[in-house]
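Undergrad: I need the structure of the sequence given here:
(one chain, ligands or ions: 1)
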Amino acid sequence: MTADPAGAGLLAESLTFSYRRGADVVLDAITHAFPSGGLTVVTGPSGIGKSTLLYVLAQLLRPVSGKVLWNGTDLTARSDRDRSRWRASTASFVFQDAMLDLSRTVLDNVCEGAVYAGLPRAEARERGMDLLARFGVDHRARHRPGEISGGQAQRVGLCRALLTEPRVVFGDEPTGNLDHDSRDLVWEALMDHAAAGAAVVVATHDETLAAAADHRLVLNPATAAVPRGKEDAP
Ligand SMILES: Nc1ncnc2c1ncn2[C@@H]1O[C@H](COP(=O)(O)OP(=O)(O)OP(=O)(O)O)[C@@H](O)[C@H]1O
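TA: Next up is the predicted model:
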């Protein structure tokens, strides 16, 4: 991955969101930077809006008002098609549940999205096998997801997310269901990916992992968003 320019990354500017007109405001004027080259954790109590913030940053949801900037360019002003293109070319997700397609092999699960987005199949499979080996699940490449453990499935989900070396990775409780070894492995992979230049944004309840992150945004009921952490001035 080539480095993004200094000051690069995602920037939320006064983001406000509610799921329906007249419904509760879930995100209330959040302004925060999620820099490239760092892992930012988003913490806060259940139901505060951590997942929602990830979806708005990822352009899966449109804010009611405010902007999401990527390297200084306003994504929220773009058409739905352009926002989907940005997501396909730039971002990926790791969820608490790996959400694998049960009808496909592990290797196909890792590769299919990237092939669909235009990566040649042979290259995708080669990269996919390398990643599966890196995360210790290459011996399961030809198995179906129903034949592997939850921890292995999560590693497979991680391989799928990293296959295209995305500049942005969103993790929604990516270590939530994992034993300690798998948890550490997933976390280190995300930290490494951030260190290689990506903007990684992870919603988590895991205080141990949160303490090890580069940056932190705390969502809190009184203020909606209270920046905290190593260089998280609003
Ligand atoms: N699709 C939806 N439609 C309407 N309201 C929703 C929807 N998804 C989430 N909400 C509400 O939005 C608020 C924020 O939810 P969100 O899932 O973002 O919180 P969270 O901080 O990620 O919670 P958790 O830590 O439990 O995963 C909650 O009140 C939730 O009930």
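Undergrad: OK, contacts around the spatially most central residue of the chain?
TA: What sits nearest the mean C-alpha location of the chain, by CA atoms, centre = their mean, is residue 170, with 0.9 Å. By CB atoms under 8 Å, 6 or more residues apart in numbering, the residues touching residue 170 are 54, 57-58, 91-94, 200-202. Any C-beta I mention is one placed from the backbone N, CA and C, and that applies to glycine too.
Undergrad: same deal with residue 100?
TA: Neighbours of residue 100 in contact, by CB under 8 Å, 6+ apart: 106, 109, 145, 153, 156-157.
Undergrad: Tell me where the model's unsure across the protein.
TA: Counting by pLDDT under 70, the chain has low-confidence residues at 1-7, 222-234.
Undergrad: where exactly do the helices run in it?
TA: 50-57, 80-90, 106-116, 121-134, 150-162, 180-195, 207-212 (DSSP state H).
Undergrad: which parts of the second one are buried?
TA: With burial defined by 16 or more other CB atoms under 10 Å, the residues of helix 80-90 counted as buried are 83, 86-88, 90.
Undergrad: likewise the fifth one?
TA: Of the residues in helix 150-162, those with enough neighbours to count as buried (16+ other CB under 10 Å) are 151-162.
Undergrad: what does that helix rub up against?
TA: Counting by CB under 8 Å, 6+ apart, 92-95, 98-100, 106, 109-111, 113, 128, 131-132, 134-137, 140, 145, 148, 169, 174-175, 177-179, 181-182, 185-186, 189-190, 193 sit against helix 150-162.
Undergrad: between that helix and helix 106-116, what angle do the directions make?
TA: 20 degrees (axes from the mean of the first three to the mean of the last three CA atoms, to 10 degrees).
Undergrad: For helix 150-162, output the C-alpha coordinates as PDB.
TA: C-alpha atoms of helix 150-162 as PDB (Å, rounded to 0.1, in the frame of the first residue of the first chain):
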ATOM      1  CA  GLY A 150     -15.900 -19.400  14.800                       C
ATOM      2  CA  GLY A 151     -12.400 -18.100  15.400                       C
ATOM      3  CA  GLN A 152     -11.300 -19.500  12.100                       C
ATOM      4  CA  ALA A 153     -14.300 -18.000  10.400                       C
ATOM      5  CA  GLN A 154     -13.300 -14.600  11.800                       C
ATOM      6  CA  ARG A 155      -9.800 -15.000  10.400                       C
ATOM      7  CA  VAL A 156     -11.300 -15.800   7.100                       C
ATOM      8  CA  GLY A 157     -13.400 -12.600   7.300                       C
ATOM      9  CA  LEU A 158     -10.300 -10.700   8.100                       C
ATOM     10  CA  CYS A 159      -8.500 -12.200   5.000                       C
ATOM     11  CA  ARG A 160     -11.400 -11.100   2.900                       C
ATOM     12  CA  ALA A 161     -11.300  -7.600   4.300                       C
ATOM     13  CA  LEU A 162      -7.500  -7.200   3.700                       C
END
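Undergrad: Check the gap between residue 184 and residue 209 for me.
TA: 9 Å (CB to CB, to the nearest Å).
Undergrad: picking up where we left off before, just curious, which of the buried residues of helix 150-162 is nearest to residue 14?
TA: residue 161 (28.8 Å; CB to CB).
Undergrad: how about residue 94, what does it touch?
TA: Residue 94 makes contact with 154, 157-158, 161, 169-172, 174, 186, 190, according to CB under 8 Å, 6+ apart.
Undergrad: Return the members of the contacts of residue 170 classed as buried.
TA: Counted by 16+ other CB under 10 Å, those give 54, 57-58, 91-94, 200-202 as buried.
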